[in-house]
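K.L.:
Build me a model from this:
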Amino acid sequence: MLLALKKLKRCIPGASVFTTALLIIVFSLFLYTNGYGQSNLSGTWVLQSHEKVSGTTAYDLTGIITIDQQTDSLGITTYGFTGEHKLITNRQTAAMNGKPVKGISGATFKNYLKSLKWSADKTALVITTIFYSDDNFKEVEFTRIETLSLSADGKQLNFGRKSAETKNESWETKGVYVKK
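P.N.:
Predicted structure coming up:
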């Protein structure tokens, strides 16, 4: 550390030892948070495999997911097909600061409250969406919990989705996506 201080002192003439030490600390924190910060999930991901973990009504995972991760928001676009083989595009966004976002689902027309939370080690993102009954925010009908995490090499996206239902059977499904 002392050697680094001396070298930095030569680069910044007139800087005090205190200023130089402070710059090194700030620079070190910058490197630490960028090197060990949250995973960047951005990209287009193609479903490689999936399994229904529990529940007879577990929904299949979509074949392609596009994730747009920004500093302040996360956008996820999914692509699927109807029974008539028509393409369905669904886009959902949420604030990266963890504050819940209210909205109305385009598929179910139900009010929802969505929030994001990173795991303690910043490697997994948990998206919790609470859906309410009867167009109000009083009675919870079901809660969807989606967990996204990258493999160590960043080439696979592990995706889990479970639904805690109050009126129907709860279910869970998991999948592995590869970067396109």
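K.L.:
all helices of the chain, in order?
P.N.:
2-11, 17-35 (DSSP state H).
K.L.:
mind giving me the domain ranges of the protein?
P.N.:
The record assigns the chain these domain ranges, following automatic domain parsing: 2-35, 43-179.
K.L.:
Deepest in the core, which of those is it.
P.N.:
Highest mean neighbour count of the domains of the chain: domain 43-179, a mean of 14 (counted as mean count of other C-beta atoms under 10 Å). To be clear about C-beta, it is placed using only N, CA and C from the backbone, and glycine gets the same treatment.
K.L.:
mean pLDDT lowest for which of the domains of the chain?
P.N.:
Note on those: domain 2-35 shows the lowest mean pLDDT, a mean of 46.
K.L.:
center of the chain, which residue is that?
P.N.:
Leu125 (4.1 Å; C-alpha atoms, centre = their mean).
K.L.:
what are the bridge partners for it, then?
P.N.:
Beta-bridge pairing for Leu125 (DSSP bridges): Trp118, Leu148.
K.L.:
mind checking how far it is from Tyr59?
P.N.:
According to C-beta to C-beta, to the nearest Å, Leu125 stands 20 Å off from Tyr59.
K.L.:
re earlier: so who does the residue nearest to the centre of the chain touch?
P.N.:
38-39, 41, 74, 116-119, 147-149 (C-beta atoms under 8 Å, 6 or more residues apart in numbering).
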